[in-house]
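Asks: Below are the sequence and a predicted model for it; my questions follow.
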Amino acid sequence: MSPGLIGYRILAYTSLGLAIAGIVLPLLPTTPFVLLAAWSAGRSSPEFHRWLHNHRTFGPIIENWKTRRAVPMRAKWLACAMLLLSWGMLFASGASIWLLAGLAVFFCGLLVFLFTRPSR
């Protein structure tokens, strides 16, 4: 197995672990990690990719994104809250103004992307 495939597989399993944690942790979003797991599994493990698509919890999230490019409103607001929290923590820790400015631009672009996707 090539190093690239191993990397994708590690990313897939790590993303799924974070998605599962997001189910029980209120500030950790589930949807982006499920989508990342599906994407990376599609490049590294057909069996795992198929399992994700057929899973009763994760399958509908993947299908919703695949067919309608939709992100649930709850996931949008959780992502917004997490981005603001992350930026605020960096600000409070005294991070460089250039880092804060760059992340602010990136985060705003990400939020524009998220909130211009349909919710259902």
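Replies: Thanks, I have the structure now.
Asks: Now do the buried residues in whichever strand or helix holds residue 101.
Replies: Using DSSP states H and E, residue 101 falls within helix 97-115. In terms of neighbour count (16 or more other CB atoms under 10 Å), helix 97-115 has its buried residues at 103, 107, 114. For every residue, glycine as well, the C-beta is placed using N, CA and C.
Asks: Now for the most centrally placed residue in the chain: which residues touch it?
Replies: With distances taken as CA atoms, centre = their mean, residue 32 lies nearest the centre of the chain, 2.1 Å away. By CB atoms under 8 Å, 6 or more residues apart in numbering, the contact set of residue 32 is 75, 79.
Asks: quick check: angle from the strand or helix carrying it to helix 97-115?
Replies: Assigned by DSSP H and E, residue 32 belongs to helix 31-44. Angle of helix 31-44 versus helix 97-115, following axes from the mean of the first three to the mean of the last three CA atoms, to 10 degrees, is 90 degrees.
Asks: helices or strands up against the lengthiest helix in the chain?
Replies: Taking DSSP state H as the criterion, the chain has its longest helix at helix 3-24. Counting contacts by 3 or more CB pairs under 8 Å, 6 or more residues apart in numbering; DSSP states H and E, helix 3-24 is packed against helix 31-44, helix 46-54.
Asks: ok now it, how far from the chain's centre?
Replies: Helix 3-24 has its average C-alpha position 11 Å from the chain's average C-alpha position, going by CA atoms, centre = their mean, to the nearest Å.
Asks: what residue ranges in the protein score low on pLDDT?
Replies: Low-confidence segments of the chain, defined by pLDDT under 70, are located at 26-27.
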